[in-house]
Each structure stands twice: as structure tokens, then as C-alpha cells.
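In: The sequence and its predicted three-dimensional model are supplied below.
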Amino acid sequence: MATHAHAAAHDDHDHKPHGWRRWVFSTNHKDIGTMYLVFACTMFFVGGTMALIIRAELFQPGLQFVDPQFFNSMTAMHALVMIFGAIMPAWVGLANWMIPIQIGAPDMALPRLNNLSFWILPFAFLILLGTLFVPGGAPAGGWTMYPPLALQGGDSFPMMIFAIHLRGISSVLGAINVVVTIMNMRAPGMNLLKMPMFVWTWLITAYLLVAVMPVLAGAVTMLLTDHFFGTSFFAASGGGDPVMFQHIFWFFGHPEVYIMILPAFGIVSEIIPTFSRKPLFGYESMVYATAAIGFLSFIVWAHHMFTVGMPLAGQLFFMLATMLISVPTGVKVFNWCATMTRGSLSFEPPMLFALAFLFLFTIGGFSGLMLAIVPADFQYQDSYFVVAHFHYVLVPGSLFAIIGAVYYWLPKWVGRMYDQKLATWHFWLSAIFVNVLFFPQHFLGLAGMPRRIPDYATQFADWNMVSSIGAFGFGFSQLLLPYIIIKCVKSGAKAADRTWDGAHGLEWELPSPAPFHSWESPPSAAVIARGAEH
């Protein structure tokens, strides 16, 4: 019997696809996770190039490099590429890699669906980037696609909508896969409140994705029928209401912001305990806080719309509901700080990125509270203050957490150690330049500089120059990341069994199938099997 099994396994090994087939037809969660991460990194540099075009134009007043139409295309495309092409696929890649390992599952629940949901992406972004080469140019109505402005796009308009539909299908399929995997494939004895925080945050994120992506699909489909089929959902001339589009869009858009940040909370909740040599403080309160943030994200959408003329009662409700979100977020920040208190801290690259996340994301949170105050928002609306706010949440927030996760788990993924000195350089360059880039934008916004403009009055010149210098410093320092990873894969030293020598090692290094605590991740499937053999 054993001989037959061995022969079958050997035979199976011989027929394993190699070369390009291994990747194109892969149903292995690790391979698919790797492809997502490589795709996200590629799109990050594409979107970053667009950002540098924007900042080069804004280096000084006057029109230097690009015409206003192309400048507006760059602002719209930069946002779409970074959100849907870089940040979200990076999170899905990390989910693919780590969720099965952390819950003791052999793979994702729906492997073929997993393959499909990845391969939709490259085609979606070929179509989106293809809009740069069609008559009339790329979409120039902003990533929010507000009518009637978005309808001016010529041939690029339906292409953009098709790309967004494909991207949405990919997201929903990936989210369904995550929910089914976590709900049905946990190791024996692992109830929900024993799951690692990264798994918890992704479970809540997946529910948000399933709930809101169809809303975006509905909104852009109505735009499409307004443009090509004579409907009047958003055309005032036919009895429609352009503001209704904003309501539908932001009902998707605000939970989307939390879709991009909740997995970051999970990552930071993994990294800080490891490098503090202490269990996470208040694990259950972290879970409930994450769920509360997910729920509240659905009832604050119109805080993006305080200036459209909504009734006072509406303004008050959305102002107070938005402020309420700061409570569970404050719980999380308190718990992270409490985890570090009296811990035995060390400052390897993942911990540096987690600490920068903690400090700088909090700045983004405070400016968000300022924007939630209705009378103040009337002053900040559509100024560079808003740009500074959401970039503080998304760059030192989501992006730093993703980079921290890569530096944290890379030794596990490839079995080799990367150059920590170079990674530390990457951190300090990123942390300094991200502030040189975005902090002056608060001053520009408070001084009255509007967003989405290619030219500006001379009183804004100095801070714009500082911001642009920060942009090029930040952009070029990110080239260190792929260099460090490639160098690690090719020639890194062999990783130790306990790479980050924490209080209980790393989460995949639990010694035996002994009972595990809520702050530890479960034993892997292999460990459980080994225990069963003994």
C-alpha cells in the first residue's frame, strides 16, 4: 500500500508543471500570492511614475511639462492604479500566502477560483492603461468619476468602466474565497477567537468587499447607460440627480478606505508583539474594535459630501458618526502602545515600519477628525489638506504596513535572510521623504490651494517645491525594495529556524500541537499531522 502511494506521489511530482505553466495554471496559494505581490509591485511603480509626473509639473508655478488635460488624466489614473492595482492586490497576495498557513489549512478553499481571480487583473489593467493611447486620452474626470465631468472621456470612458468591472469581479471572487477558507478550513480546535489578528482583519475586510463592490458596479453601469443608452440617472436635464452618483459612489468609497487599511491593522498586530516579545495586549478588544470599524464604515459615506447642500440633520449625523469611528481606532492604537509598554523591544526593519505606521497613521487619523467637523470641512473641501490627509492614511498607513509585512515574512517565504542594513536604509529614506512629500501639503491646503490643478498662484510655490523634492526622494528610495528582495532570493544567507527570536518565535514556529493561546497562531497542518503520527 505504502509503495503504491509512494509511486503515485512520485508520478505526480513528474507531471508537475514547470516554467511558465507553473504560474499560468497554478492553483497553489503560495504561487498565486507571489503573483499578486509581483503584480502589485509592478503597478506600484507604474502609479508612482504617474505621481512623479504630477509632482514634476507642480515643482514651480506655470505649465512646464504636460498640458492640463494630461495632468488631469494623471491624477485620475494615479489613483485608480494605486488603489485597485497596487494596494488591494498586495493585500490579497499577503492573504493568499499567509491565511492558509495561519489557520492550518492546506490551501485556499477554492483554488481554481483563486487562479481566475488573479488572471482577471492583468487584463483589467491592460485595458485601463490602454486608455492612455486612445483618441481623446485617458479619463480626466478624477478617480471618483463624477458626472457630468467623467462623461467627457471619449473612447476611454467605456474602457475605464469595463476595467473597473473586471477589477470588481476579481475582488469579489477573492473575498468569497477568503471567507469560505476561514470559515470552513481552520485547524481542529481553532475557534474564531483563537485566530491570528491578520486572519481576523482579512475576514472582516472580505465581508466589506462582498458588500460594496457590487455598489460600485451599479454606479458605473448607470453612468454607462446615461452615456450610451439615453437614461437620465445622473443627468439633471432628464430629471436625474448628479449628487445621487456621489451618494452611491461614496457608499462604496468609504468602506473601500477601510478595505485598504484593516489588513494593515492585522499586520501591525502581528509585528509589534513579535518585536516586543510580548503577547498582543487586549486581543479580544482588538477583534471587536475591528468589527466596529467595519460596521461604522457603512454609515459615514456622506462626510465626503458636506458641501453638496445636504440638510443640516444629515450633516450632523454624518459628522457625529464619523467621529465615532475614532473610538475603536483609538482602542487599537492604545492596545499597540500597551503591547510595547515594558516589552523587550528590538528594532528590525519590520518593527521600524510598524512604528512609523503607528505614528504617521495617527496623524492621518487626526486630520480626518478635522475634516469630519462640518464648518471646518467647508474650508478644507477640495483643498490640498484633503490630499495630505488621505495620503497620510494610505502611504505611511497601508503601504508601510505592506512593506513591513514583506520584510517580516520574506525569510519564511524564501528560506533566506535579506540584507537588514539595506532594509533599514530603505526605512529611513522612506520615513523621512514621505513626510517631506506630504506634510507641506497640509500647509498648502490651509492656505487655500485647490487640488487637481496643474498651475497655481505664486504664494504656494515654496511648499510645492519642498513637496516635489520629497516625492522624487520617496519614489527613488522605493527602488531599494525590489533590489533587496531579488538579492535575498538569489544570494541571501539561509534563514535561521527562529528568524525573529521572539518570546514564542514566529507564528509558524510553534514547537508541537500543544494547545495554543489566542495571541499565538495555530500549528500548521504539517505540525498537526506530525502530532497525529506520534
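Out: Perfect, thanks for sending it. Numbering: from 1, shown residues only.
In: ok, now how distant is the residue lying closest to Gly93 once chain neighbours are set aside from Met323?
Out: Nearest non-adjacent residue to Gly93, counting by CB to CB, 6 or more residues apart in numbering: Tyr36, 3.0 Å away. In short, each C-beta sits where N, CA and C put it, glycine included. The spacing between Tyr36 and Met323, counted by CB to CB, to the nearest Å, is 35 Å.
In: for Phe275, same thing?
Out: 32 Å.
In: For those two, indicate the residue with more neighbours.
Out: Neighbour count, other CB atoms under 10 Å: between Phe275 and Met323, Phe275 has more, with 23 against 15.
In: so the more buried one sits in a helix?
Out: Yes. Under DSSP: H, G, I helix; E, B strand; the rest coil, Phe275 sits within a helix.
In: Pull the contacting residues for Ala164.
Out: If you look again at residue 164, you'll see it is Ile, not Ala. Going by CB atoms under 8 Å, 6 or more residues apart in numbering, Ile164 touches 80, 84, 124, 128, 216-217, 220.
In: what bits of the protein have low per-residue confidence?
Out: 1-15, 153, 502-534 (pLDDT under 70).
In: could you pull out the strands for the protein?
Out: 416-417, 493-494 (DSSP state E).
In: neighbouring strands for the last one, and are they parallel or not?
Out: Right, strand 493-494. strand 416-417 (antiparallel) (DSSP bridges).
In: Please identify the most buried of the strands of the chain.
Out: strand 416-417 (a mean of 16; mean count of other CB atoms under 10 Å).
In: what comes into contact with it?
Out: With CB under 8 Å, 6+ apart as the criterion, strand 416-417 contacts 411, 488-489, 492-496, 499.
In: Phe427 is in contact with Met351, isn't it?
Out: No. Counting by CB atoms under 8 Å, Phe427 does not reach Met351; the two are 9.6 Å apart.
In: can you tell me which of the contacts of strand 416-417 are in helices?
Out: 411, 488-489 (DSSP state H).
In: Quick one: the helices in the stretch 251-400 of the chain, in order.
Out: Under the criterion DSSP state H, counting those that start in this stretch, helices of the stretch 251-400 of the chain are mapped to 283-296, 312-340, 349-372, 374-380, 384-393, 400-414.
In: Redo those as TSV? Include distance to Trp250.
Out: TSV is the format used below for the helices of the stretch 251-400 of the chain (distance: least, CB to CB, whole Å):
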stretch	distance to Trp250
helix 283-296	14
helix 312-340	10
helix 349-372	14
helix 374-380	14
helix 384-393	13
helix 400-414	24
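In: Which one of these lies nearest to Pro188?
Out: helix 283-296 (20.6 Å; CB to CB).
In: Next, the angle helix 312-340 makes with the closest one.
Out: 160 degrees (axes from the mean of the first three to the mean of the last three CA atoms, to 10 degrees).
In: tell me which strands and helices helix 283-296 is in contact with?
Out: If contacts are counted by 3 or more CB pairs under 8 Å, 6 or more residues apart in numbering; DSSP states H and E, helix 283-296 sits against helix 197-228, helix 242-276, helix 312-340.
In: residue contacts, the residue nearest to Phe228 when sequence neighbours are not counted?
Out: Counting by CB to CB, 6+ apart, Phe228 lies nearest to Pro158, which is 7.4 Å off, once chain neighbours are set aside. Contacts for Pro158 (CB under 8 Å, 6+ apart) come out as 224, 227-228.
In: got a winner among these for most neighbours?
Out: Neighbour-wise, the contacts of Pro158 (other CB under 10 Å) top out at His227, 20 neighbours.
In: Quick check: closest non-adjacent residue to that one.
Out: The nearest residue in space to His227 (CB to CB, 6+ apart) is Leu151, at 5.2 Å.
In: With Thr201 instead?
Out: Thr201 sits nearest to Gly266 (CB to CB, 6+ apart), 3.2 Å away.
In: and what of Pro148?
Out: Using CB to CB, 6+ apart, the nearest residue to Pro148 is Pro242, at 6.7 Å.
In: Report the separation between that neighbour and Phe157.
Out: Counting by CB to CB - Pro242 and Phe157 are separated by 16 Å.
In: Have a look at those two and say which one is more surrounded.
Out: With other CB under 10 Å as the criterion, Pro242 and Phe157 differ in neighbour count, and Phe157 comes out ahead with 23 against 15.
In: and Thr221, how many neighbours does it have?
Out: 14.
In: which residues does it contact?
Out: So Thr221 contacts 161, 165 (CB under 8 Å, 6+ apart).
In: how near is it to Thr144?
Out: Counting by CB to CB - Thr221 and Thr144 are separated by 16 Å.
In: now Arg277
Out: Taking CB to CB, one finds Arg277 at 45 Å from Thr144.
In: now the helices for the stretch 101-250 of the chain?
Out: 111-130, 156-184, 197-228, 242-276.
In: Next, the buried residues of the shortest one.
Out: Going by neighbour count (16 or more other CB atoms under 10 Å), the buried part of helix 111-130 is 111, 113-121, 124-125, 127-129.
In: between the helices of the stretch 251-400 of the chain, which gets nearest to Thr458?
Out: Nearest of the helices of the stretch 251-400 of the chain (CB to CB): helix 384-393, 15.6 Å.
In: how about the closest one as CSV, C-alpha atoms only?
Out: This file holds the C-alpha atoms of helix 384-393, laid out as CSV (Å, rounded to 0.1, in the frame of the first residue of the first chain):
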residue,chain,number,x,y,z
TYR,A,384,-4.6,70.1,-0.6
PHE,A,385,-5.4,69.5,3.1
VAL,A,386,-7.6,66.6,2.0
VAL,A,387,-4.9,65.3,-0.3
ALA,A,388,-2.4,65.4,2.7
HIS,A,389,-5.0,63.6,4.9
PHE,A,390,-5.7,60.6,2.7
HIS,A,391,-2.1,60.2,1.7
TYR,A,392,-1.0,60.0,5.3
VAL,A,393,-3.6,57.2,5.8
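In: out of the helices and strands packed on helix 283-296, deepest packed?
Out: helix 242-276 (a mean of 23).
In: thinking Leu437 is in contact with Trp463, fair?
Out: No. With contact defined as CB under 8 Å, Leu437 does not count as touching Trp463 (11.1 Å).
In: Of the two, which one has the most company?
Out: A count of neighbours by other CB under 10 Å puts Leu437 above the other of Leu437 and Trp463, at 24 against 19.
In: ok, that one - contacts?
Out: 55, 391, 467, 470-471, 473-474 are the contacts of Leu437 under CB under 8 Å, 6+ apart.
In: which non-adjacent residue is nearest it?
Out: Gly470 (3.2 Å).
In: Over to Met465?
Out: Phe59 (5.9 Å).
In: Next: Ala264.
Out: In space, Ala264 is closest to Ala401, 3.4 Å off (CB to CB, 6+ apart).
In: measure that neighbour to Leu480 for me?
Out: Counting by CB to CB, the separation of Ala401 from Leu480 is 18 Å.
In: More neighbours: those two, which one.
Out: Set Ala401 next to Leu480 and count neighbours by other CB under 10 Å: Ala401 wins out with 29 against 17.
In: can you tell me how far Phe439 sits from Trp463?
Out: Phe439 is 9 Å from Trp463, by CB to CB.
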